[in-house]
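Student: Below are the sequence and a predicted model for it; my questions follow.
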Protein chains: 2
Amino acid sequence: MGNIYDVRTYEPSQSIGYLMTRVKVEMLAALDRELAADPHLSALGVTSAQFIVLVRLVGTGNRKSATDLCKELSYDAGAMTRMIDRLEKKGLVRRMRCMKDRRLIYLEATDEGRAAYPRMLEMSVAVQNRFLRGLGQEDAQKLKGYLTRMLHNAG
Amino acid sequence: MGNIYDVRTYEPSQSIGYLMTRVKVEMLAALDRELAADPHLSALGVTSAQFIVLVRLVGTGNRKSATDLCKELSYDAGAMTRMIDRLEKKGLVRRMRCMKDRRLIYLEATDEGRAAYPRMLEMSVAVQNRFLRGLGQEDAQKLKGYLTRMLHNAG
DNA sequence: ATACAATAGCGGCCTAGGCAGATATATCTG
DNA sequence: CAGATATATCTGCCTAGGCCGCTATTGTAT
C-alpha cells in the first residue's frame, strides 16, 4: 500500500537514496572548495566536517559538552573526541573541565573560532543557494518537508 | 534573485543541507542494520558502502574497470582500490587483468557475489520505501526532480 | 554506607574517502 | 623511432566515522 519502489522495476542509479548521497557529497565538496579558496579560512585549514561542528558550537550558544554536540549532530562519541582534538590543535576550540561535575568537559570556541563564524555562515548560505538555484520558496519548503518526513520515518 | 536562504535568517540546523546529510546517514545506518540482520548477507560481512559498489557492479553488467565504477559513483580511485581489496578478500569480486590494455583490470562479481544480488536489491527497496512512507508517487517524483536539479547545479 | 548502575570522555581497531606521488602501460606528436 | 602526454592502478598519508571496551565520576537503590 503506497510503496514507491518495486524490486522488479527498481533502478539503483535512479533511486532517491542514490541521488541524495550524491548531492550530499557534492555539497560538502563545494563547501571544501569554498573554504580552501577563502583567504582567512584556508589559513585555518578548516574542513567541511570541522566547519559543521564549529558552526553548531558557536551558533547555538557556548558552554556545550561533547555529548551535547554528539546528540545534536548524531555523531559518534569517539569520533567527536578526535574532532575536538583537531579543532583544539588549530586553536579554534578550548576544553574546560566542569568543576561541579568532573566528568563533564565544556567546549568553548576561542576568539579566533568566533571571529570566523560570520564568514562561515555566508559560505554555507552561498553554497546551498547555489545548489537550490531554479527552485522557488515553495519548492524549498516542499523539499524540506520531504526530508523532515524521511528523518521522522527513520524512527 | 530567487535565493532561498539569507544570512540574517539562516538556521543551520533547519537547512536543507543539514537535513539531507542527516537523512543520508540514517538511510545507510538502516541499511547496515538490515544487512547485519540478514542471515546470508551478515555472514558475508557486507557493509552498506560495499553493498553500493557491488550492486553497481552486478546490476549494470560485468566487465567493468575500477575507473568505470569511480566515474559512476564519483568515487576516489585510491579509495576504490582498497574497496576492491576488501570485496576480493571476502570472495565477492574478482580482478582480471585485460590482455589488450594491460593497464586495465576488469572486475567481475563471483558466483557468490551474484547470488547475493537479488536479496540486496530487496533490502535497498525496502529501506527506501520505509523512509518514503507517507509520500505519494507524485511527491517522490517531485523529490527526485529536486535532487536531480541540485546535482545539475553542482556543475 | 556499600554495591550497582548510569554518564562523560578517551583510546584502539576497523572501514572509509580525498589527495598527491609513483609506476606501468598506451597513445599521441614530432 | 624518441619523447611527451594521457590513462589505470596502486600506495602512503591525512581526515573522518562507527563500535567496543576502559576509566573516572556521579547518581541510585538496598
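Tutor: Thanks, I have the structure now. Only a predicted model underlies this, so the values are computations on that prediction, with no experimental measurement involved.
Student: To which secondary structure element is the residue in chain A positioned nearest to DNA strand C assigned?
Tutor: Chain A approaches DNA strand C most closely through residue A:78 (2.4 Å), counting by C-beta to the nearest atom of the strand. The C-beta positions use only the backbone N, C-alpha and C, and glycine is treated the same way. Under the criterion of DSSP states H and E, residue A:78 resides in helix A:77-89.
Student: quick check, that helix touching DNA strand D?
Tutor: Yes - using C-beta under 7 Å from any atom of the strand, helix A:77-89 reaches DNA strand D at A:77-79, A:82-83, A:86.
Student: what about burial for those residues, which qualify?
Tutor: Those of the residues of helix A:77-89 next to DNA strand D that meet the buried threshold are A:83, A:86, by 16 or more other C-beta atoms under 10 Å in any protein chain shown.
Student: possible to save the residues of helix A:77-89 next to DNA strand D as TSV with pLDDT?
Tutor: TSV is the format used below for the residues of helix A:77-89 next to DNA strand D (pLDDT from 0 to 100):
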residue	pLDDT
A:77	97
A:78	97
A:79	98
A:82	98
A:83	98
A:86	96
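Student: what two of the residues of helix A:77-89 next to DNA strand D are the furthest from one another?
Tutor: The span of the residues of helix A:77-89 next to DNA strand D, defined through C-beta to C-beta, is set by A:77 and A:86 at 15.4 Å.
Student: Other residues contacting the helix or strand residue A:149 falls within?
Tutor: Per DSSP H and E, residue A:149 falls inside helix A:137-153. Helix A:137-153 has contacts (C-beta atoms under 8 Å, 6 or more residues apart in numbering or on different chains) with A:132, A:135, B:4, B:14, B:16, B:19-20, B:22-23, B:26-27, B:130-135, B:139, B:142-143, B:146.
Student: And for stretch A:48-59?
Tutor: The contact list for stretch A:48-59 (C-beta under 8 Å, 6+ apart) reads A:28-29, A:31-32, A:35, A:46, A:64, A:69, A:72-73, A:80, A:83, A:86-87, A:90, A:92-93, A:107, A:109, A:113-114, A:116-117, A:120-121, A:124, B:12-13, B:18.
Student: Equivalent analysis for stretch A:68-87, please.
Tutor: So stretch A:68-87 is contacted by A:49-50, A:52-54, A:56-57, A:60, A:66-67, A:93, A:95, A:107, A:113, B:13, B:22, B:25-26 (C-beta under 8 Å, 6+ apart).
Student: Name the SS class of residue A:95, please.
Tutor: Classification of residue A:95 using DSSP: H, G, I helix; E, B strand; the rest coil returns strand.
Student: Distance from the helix-or-strand element of chain A with minimal mean pLDDT to the middle of the chain?
Tutor: Least confident helix or strand of chain A, by mean pLDDT, DSSP states H and E, is helix A:39-44 with a mean of 87. Here helix A:39-44 is found 19 Å from its chain centre; the criterion is C-alpha atoms, centre = their mean, to the nearest Å.
Student: Can I get it in PDB, CA atoms only?
Tutor: The C-alpha coordinates for helix A:39-44 follow below in PDB (Å, rounded to 0.1, in the frame of the first residue of the first chain):
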ATOM      1  CA  PRO A  39      41.900  33.700   2.400                       C
ATOM      2  CA  HIS A  40      41.100  33.700   6.100                       C
ATOM      3  CA  LEU A  41      39.500  30.200   6.500                       C
ATOM      4  CA  SER A  42      42.000  28.400   4.300                       C
ATOM      5  CA  ALA A  43      44.800  29.700   6.600                       C
ATOM      6  CA  LEU A  44      43.000  27.900   9.500                       C
END
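Student: Chain B: which of the residues of helix A:77-89 next to DNA strand D is nearest?
Tutor: Nearest to chain B, judged by C-beta to the nearest C-beta, of those is residue A:79 at 12.1 Å.
Student: Can you get me a residue count around residue A:114?
Tutor: 15 (other C-beta atoms under 10 Å in any protein chain shown).
Student: Against chain B, how distant is it?
Tutor: 15 Å (C-beta to the nearest C-beta, to the nearest Å).
Student: Apart from its neighbours in sequence, what residue is nearest that residue?
Tutor: Spatial nearest neighbour of residue A:114, excluding adjacent residues (C-beta to C-beta, 6 or more residues apart in numbering or on different chains): residue A:58 at 5.7 Å.
Student: just residue A:32 next, same as before
Tutor: residue A:48 (4.9 Å).
Student: any idea how far the one you found lies from residue B:125?
Tutor: 31 Å (C-beta to C-beta, to the nearest Å).
Student: Which residue of those two possesses the greater neighbour count?
Tutor: Neighbours were counted for residue A:48 and for residue B:125 using other C-beta under 10 Å; residue B:125 has more, 21 against 18.
Student: can you give me the mean pLDDT across the strand or helix carrying that one?
Tutor: Using DSSP H and E, the secondary-structure element containing residue B:125 is helix B:111-131. Averaging pLDDT along helix B:111-131 gives 93.
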